[in-house]
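Undergrad: Have a look at this prediction, sequence included:
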Amino acid sequence: MRELWKMGAAALAMTAALTACVSTPSLSGTLGAPSFADLQAMCGSQPVDYGSDAQSVYVTLFDAYVANRRGGLSKADYCAFQTSIAQRYAALGASSDPQARNQWVEFFNAQRVKAMSWRAAVDPTLRSG
C-alpha cells in the first residue's frame with residue numbers, strides 16, 4: 001500500500017512539473033496559437049459557449065489542432081472530435097444535475113487524454129526528457 005502511495009505522489013509531482021513547462025494559450029489566441037473561436041470555426045460550426053469549462057476545452061482542442069497541423073490527425077477527425085465534445089457538453093456539461101455533470105467530466109477527461117496523446121505523437125517538445 002505504501003508503494004502505491006509513493007507511485008501516486010511521484011506521478012502527481014511529474015504532472016505538476018510538466019504543467020509548469022507547457023504554457024496554456026490564451027482563449028483570444030497568441031503568436032502561433034489561434035483563438036478559441038478560430039479553432040471552433042475551423043469546422044464551420046457556430047462557437048459553443050463552454051462557460052467555466054472554456055479554458056480546459058480550448059487546451060484540449062488546441063492539442064488536437066497541433067496534431068492536425070503536424071499531420072497526426074486529419075481535419076475530418078479533428079472536426080468529429082470537436083463536434084463530439086460540443087454535443088456532449090450541450091447534453092451533460094451545461095446541466096445543473098450533478099450526475100450529468102459528472103458524466104461530462106468523465107467523458108471530457110477521456111477526450112483530454114486522447115488529444116494529449118495525439119499531440120505527443122507529433123510534437124517532440126512533449127516527448128523530450
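TA: Perfect, thanks for sending it.

Undergrad: correct me, but residue 65 touches residue 41?
TA: No - the criterion here is C-beta atoms under 8 Å, and residue 65 misses it with residue 41 at 11.8 Å. The C-beta positions use only the backbone N, C-alpha and C, and glycine is treated the same way.

Undergrad: Those two: who's more crowded?
TA: Under the criterion of other C-beta atoms under 10 Å, the comparison of residue 65 against residue 41 puts residue 65 first, with 24 against 13.

Undergrad: can you confirm the more buried one is in a strand?
TA: No - under DSSP: H, G, I helix; E, B strand; the rest coil, residue 65 sits outside any strand and is assigned helix.

Undergrad: Next, the contact list for residue 41, please.
TA: Taking C-beta atoms under 8 Å, 6 or more residues apart in numbering, we find residue 41 in contact with residue 47.

Undergrad: From residue 94, how far off is it?
TA: 21 Å (C-beta to C-beta, to the nearest Å).

Undergrad: Repeat that for residue 66.
TA: Using C-beta to C-beta, one obtains 27 Å as the distance from residue 66 to residue 94.

Undergrad: more crowded one of the two?
TA: Between residue 66 and residue 94, residue 66 has the larger neighbour count (other C-beta under 10 Å), namely 21 against 15.

Undergrad: Leaving aside the residues adjacent along the chain, what's closest to that one?
TA: The shortest distance from residue 66 to any residue other than its chain neighbours is 4.8 Å, reached at residue 119 (C-beta to C-beta, 6 or more residues apart in numbering).
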